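> no letters, just coordinates:
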């Protein structure tokens, strides 16, 4: 087991999902206890005896044996999974039934079942994301709170409430019903997209934490791709988008821990393998008639990925893609991104005009990238005082020490009257809803 | 070289996240590896279940137990080789159990004078 390998975390999701299938969703807490118990046993035994050759199988077998114990002791007193029904009535039937649920393919389906169950419409999106991180990715309340830069109490409340709601549902989501699967899929896409963005644009100052969130979102998206009903063009597009953006992660923060704008990034640090995989997935997404926002965003990311240097970027293509995105999913943030591309292509004055034309600009009021973009374009136009004011406003809205340092540098550039350099941060394409506290 | 047992008392807290538990285990593995490489491990030993039976008295009555406080329960042992008691105690200081409020009891194995 390598130090960077999150074996326990990954196995936690598989085990909870499978045990919840065995015990029933109303016994989610029992499933979590059994998993905790399996980890305790692993900790105790492995530290004396070393890690077994197949640690995943060891953990799973331990969880399964504990499940048998629980079923034997409590099957008369407690109701378990309604799906198992009469199979639980005797040892003859429940042993093979549970063995069947612990096979590799069944576990894959269990993960999907849990993922879809977490994305139920009665839960707010941020609760869905927190629940997925907790149950499927094995993140503790503390770890989620630190990743979201939120308080422990707020996250704990959100997760407890969400689990109560989940446990109160009669059964887990049925991933074998095509119509229901298709109806729930967009919500699952959205939750994974938000999870990825939390890692990519989020407020946590720790790059490792943020990269982990991105990788978790990518891992869950690849599970969708492995399911015949999940491998839709939109899923391919979402996976492509994640790969193409994640390819840039190594260059987003420089050695000093400062955010680096898309224009200043050392592109040799970009992960070429991930970028190639992203482009391959984007090609696979180009089937059928569905054009999702993920298709367009992935296409934009692929234009950046194809430019070896920032000044080789095909801005005309990017503007046209943002035009399409505006027609699919109009929002002031998308319009802001488009305006930045216009500024790159046609100069800062045209960029400012485009920002001035954004409808519902007031919705960008608390978004630091909005005044930062204005500041940058004013700076490029040589109007240092106006630029400084905008950067000052952005600084007041900064959500993390990294953003703060970046904007302080820009304020400094205005005060010194530095010759303008393109340094626009890469804004998120969607405004993240502020996490409720 | 003399032989010693390390008796590990106090278990790892259970309210840990999977990530923390994995890190904790990796610390133990690293410590054991280091001891092994320096030739201090005579026998890696075993973890012990938390509960069992305690048999007591002339009546040999059998009780569930031990009902000690969690921090006092022995949950594993290892046989160590060291120069002397002082060195064995020094070696024990690397044990990750101290991070979670546990203790290591270092006991020399009595040598039989023939």
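All right, it came through fine. Being a predicted model, the structure only gives us computed values, none of them experimental.

> next SSE after the one helix or strand in chain B whose mean pLDDT sits lowest?
Ranking every helix and strand in chain B by mean pLDDT, DSSP states H and E puts strand B:61-65 at the bottom, with a mean of 88. Per DSSP states H and E, the first helix or strand lying C-terminal to strand B:61-65 is strand B:74-82.

> what about the helix or strand just after that following strand, distance to the chain center?
Sequence order places helix B:85-92 as the next helix or strand after strand B:74-82, per DSSP H and E. The chain centroid and the centroid of helix B:85-92 are separated by 14 Å under C-alpha atoms, centre = their mean, to the nearest Å.

> tell me what helix B:85-92 is packed against?
Packed against helix B:85-92, as judged by 3 or more C-beta pairs under 8 Å, 6 or more residues apart in numbering or on different chains; DSSP states H and E, are the following elements: strand B:2-9, strand B:74-82, strand B:103-108. Backbone N, C-alpha and C define where each C-beta goes, glycine included.

> cutoff 6 Å now
strand B:74-82, strand B:103-108 (3 or more C-beta pairs under 6 Å, 6 or more residues apart in numbering or on different chains; DSSP states H and E).

> which residues does that helix contact?
B:4, B:6, B:40, B:80, B:82, B:104, B:106, B:108 (C-beta atoms under 6 Å, 6 or more residues apart in numbering or on different chains).

> tell me the buried residues in stretch A:134-145?
A:134, A:135, A:136, A:137, A:138, A:139, A:140, A:141, A:143, A:144, A:145 (16 or more other C-beta atoms under 10 Å in any protein chain shown).

> residue B:49 - how many residues pack around it?
Residue B:49 has 8 neighbours, counted by other C-beta atoms under 10 Å in any protein chain shown.

> kindly apply the preceding question to residue B:18 instead.
24.

> which parts of chain B sit against chain A?
For chain B, the residues in contact with chain A (C-beta under 6 Å from any C-beta of the partner chain) are B:12, B:14, B:17-19, B:21-22, B:25, B:28, B:44-47, B:76.

> ok and the longest helix seen in chain B relative to helix B:85-92, angle-wise?
The single longest helix within chain B, with elements called by DSSP state H, is helix B:18-37. If you take axes from the mean of the first three to the mean of the last three C-alpha atoms, to 10 degrees, helix B:18-37 sits at 150 degrees to helix B:85-92.

> what helices or strands is the next helix or strand after helix B:18-37 leaning on?
Using DSSP H and E, the next helix or strand after helix B:18-37 towards the C-terminus is strand B:41-47. Here strand B:41-47 touches helix A:28-49, strand B:74-82, going by 3+ C-beta pairs under 6 Å, 6+ apart.

> which parts of the stretch 1-150 of chain A are helices?
With helices called from DSSP state H, counting those that start in this stretch, the stretch 1-150 of chain A shows them at A:7-23, A:28-49, A:55-74, A:91-101, A:104-118, A:125-131, A:141-148.

> can you list those in CSV and add distance to residue A:204 and mean pLDDT?
Listed next are the helices of the stretch 1-150 of chain A as CSV, based on distance: least, C-beta to C-beta, whole Å; pLDDT from 0 to 100:
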stretch, distance to residue A:204, mean pLDDT
helix A:7-23, 17, 93
helix A:28-49, 25, 91
helix A:55-74, 28, 91
helix A:91-101, 36, 84
helix A:104-118, 21, 92
helix A:125-131, 14, 93
helix A:141-148, 5, 86
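
> ramachandran angles for residue A:150?
phi -130, psi 170 (degrees, to the nearest 10).

> quick one: it and chain B, what's the gap?
16 Å (C-beta to the nearest C-beta, to the nearest Å).

> likewise for residue A:260?
Residue A:260 is 28 Å from chain B, by C-beta to the nearest C-beta.

> how many neighbours does that residue have?
20.

> where are the low-confidence patches of chain A?
Across chain A, the ranges flagged by pLDDT under 70 are A:1-4, A:203, A:205, A:419-437.

> show me what contacts residue A:41?
The neighbours of residue A:41, taking C-beta under 6 Å, 6+ apart as the test, are residue A:62.

> repeat for residue B:17
Residue B:17 neighbours (C-beta under 6 Å, 6+ apart): A:140, A:143.

> again, only using 10 Å
A:8-9, A:12, A:36, A:39, A:134, A:138-144, B:23 (C-beta atoms under 10 Å, 6 or more residues apart in numbering or on different chains).
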